[in-house]
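1. kindly generate the corresponding structure for this input.
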Amino acid sequence: MLSKASPAVKRASEHADRLRELGARRCTVAGVIKYLGSKRLLVPAILEVIAGFEGARSVLDLFSGTSRVGHALKRSGYRVIANDHNAYAATLARCYVEADREDVLPDAERLIAELSRLPGRPGYFTETFCERSRFFQPKNGARIDAIRDAIAAKSLAPDLEAVLLVSLMEAADRVDSTTGVQMAYLKQWAARAHKDLELRMPDVLPRATYGRGRAIEGDAVAVAAEVECDVVYLDPPYNQHKYLGNYHVWETLVRWDRPEAYGIAQKRVDTKTRRSDFNSQVRFEDAFRELIRVVRAKHLVVSFNDEGFLSRDRAVEILSSRGPVRVIEHDYKRYVGAQIGIFSPKGAKVGAVSHLRNKELLYVVG
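-> Have a look, this model is predicted:
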């Protein structure tokens, strides 16, 4: 005779069924800024994999980026802890993972309406990113200056401030003139750059079923050794290009520290000194091994590109120290810059496009 399932077991089963359903269809996710390495297309597969881990309620996302994955996991009920060592990414996580709609919505909507009425006032941002470089039209740069100064002057609670900063970041992204990275800007203005900056309320979610999320701005290995969760999701950099250099404008917008800048793109000078072992071909493997050794979770999901520092066989070998490994492949177009080719600072094409597609690999442990 079969025993009747307990209410807790029944709820867990229903939760898993709902997550599998979510993973099987396209999901609404956050992080609408253009972002190299975004996992927008991979989110349903990640959700489906994590839904298969019985009893999982908490997920640590150690390289959170735009928080697309963390936002989707929160929507699915998980308690999410999101970490990234860049300030702009930690701010996105504070908005999309840590902040709860019921806590911030009335104040955020009121303040966004107030900030939207501010006239432009040119300052550091306009001079640096509209005059010395050409990422934005000066009319929009002046409004970004005015709005960002107003946010700084309010001394708001961290979650509410993060929602406003993300609203401004996403508004700026909708009127920029780039291909999606801030290592350069387009020779001719993008059509969207002529539009007026418009603040919108970010898609902040209600508190997740399994508890309030958390945003951390820290070193991935240190955080992995400290935070215990049911699942750890890893999406480390896979080449030498630092996200700080690719998105230095957002870092400056969030930090609002008016840094010394250099070069055609007016990068923050600290992009030369803020380094990560995960962006080094020589140091990546040792850093990855240490991360896998110290991580405190029963289940691991690792997203990695087949063009990365680590071969598939070597990744499987390292991950096998934590248990059996299965690999799921997804075929995608390469990012737009790789499809265009390589050009010199003077605009001459100096490299040929080798291939147009690559594979995103999901390594699943546990």
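
2. from here on, contacts and neighbour counts on C-alpha atoms
-> Will do.

3. quick check: Pro158 vs Ala215, distance?
-> Between Pro158 and Ala215 the distance is 11 Å, computed by Cα to Cα, to the nearest Å.

4. could you do Arg101 as well?
-> According to Cα to Cα, Arg101 and Ala215 sit 15 Å apart.

5. and Tyr96, by the same measure?
-> In terms of Cα to Cα, Tyr96 sits 9 Å off from Ala215.

6. got the residue ranges for the strands in the stretch 51-200 of the chain?
-> 58-61, 79-83 (DSSP state E, counting those that start in this stretch).

7. what do Pro158 and Ala215 both touch?
-> Common neighbours of Pro158 and Ala215, counting by Cα atoms under 8 Å, 6 or more residues apart in numbering, are Arg94.

8. more neighbours, the two?
-> Neighbour count, other Cα atoms under 10 Å: between Pro158 and Ala215, Ala215 has more, with 26 against 13.

9. does the more buried one count as helix, strand or coil?
-> Following DSSP: H, G, I helix; E, B strand; the rest coil, we place Ala215 in the strand state.

10. just checking, it touches Ala93?
-> Yes. With contact defined as Cα atoms under 8 Å, Ala215 counts as touching Ala93 (5.5 Å).

11. now do the shared contacts for those two.
-> 82-83.

12. same question for stretch 328-346, mean pLDDT?
-> For stretch 328-346, the mean pLDDT works out to 59.

13. again, but for stretch 140-151
-> Here the average pLDDT along stretch 140-151 is 98.

14. and what of stretch 358-366?
-> On average, the pLDDT along stretch 358-366 is 91.

15. what's the end-to-end length of stretch 222-240?
-> 21 Å.

16. oops, could you answer that again for stretch 207-225 instead?
-> Distance across stretch 207-225, first residue to last, is 26 Å (Cα to Cα).

17. centre of the chain to it, how far?
-> Mean-position distance between stretch 207-225 and its chain equals 14 Å (Cα atoms, centre = their mean, to the nearest Å).

18. just the mean pLDDT for that stretch, thanks.
-> Per-residue pLDDT over stretch 207-225 has a mean of 98.

19. which residues are in contact with that stretch?
-> Stretch 207-225 is contacted from outside by 57-58, 62-63, 74-87, 90-91, 93-94, 97-102, 287, 290-291, 294-296, using Cα under 8 Å, 6+ apart.

20. show me just the buried residues among these.
-> Among the contacts of stretch 207-225, those scoring as buried are 57-58, 62-63, 74-87, 90-91, 93-94, 97-101, 287, 291, 295-296 (criterion: 16 or more other Cα atoms under 10 Å).

21. how does the protein divide into domains?
-> Segmentation of the chain into domains, based on automatic domain parsing, reads 1-99+213-236+284-366, 101-204+240-279.

22. any low-confidence regions in the stretch 1-150 of the chain?
-> Across the stretch 1-150 of the chain, residues meeting the criterion (pLDDT under 70) sit at 1-32, 37-38.

23. doesn't Arg268 make contact with Glu260?
-> Yes. Shown here, Glu260 and Arg268 form a contact pair, counting by Cα under 8 Å, at 6.1 Å.

24. so between these two, which is more surrounded?
-> For the pair Glu260 and Arg268, the greater number of neighbours falls to Arg268 (19 against 11), based on other Cα under 10 Å.

25. and the gap between that one and Asp235?
-> For Arg268, the distance to Asp235 - Cα to Cα - is 25 Å.

26. try Asp176
-> For Asp176, the distance to Asp235 equals 26 Å [Cα to Cα].

27. comparing these two, which residue is more hemmed in?
-> Neighbour tally, Asp176 and Asp235, criterion other Cα under 10 Å: the higher count belongs to Asp176, 26 against 21.
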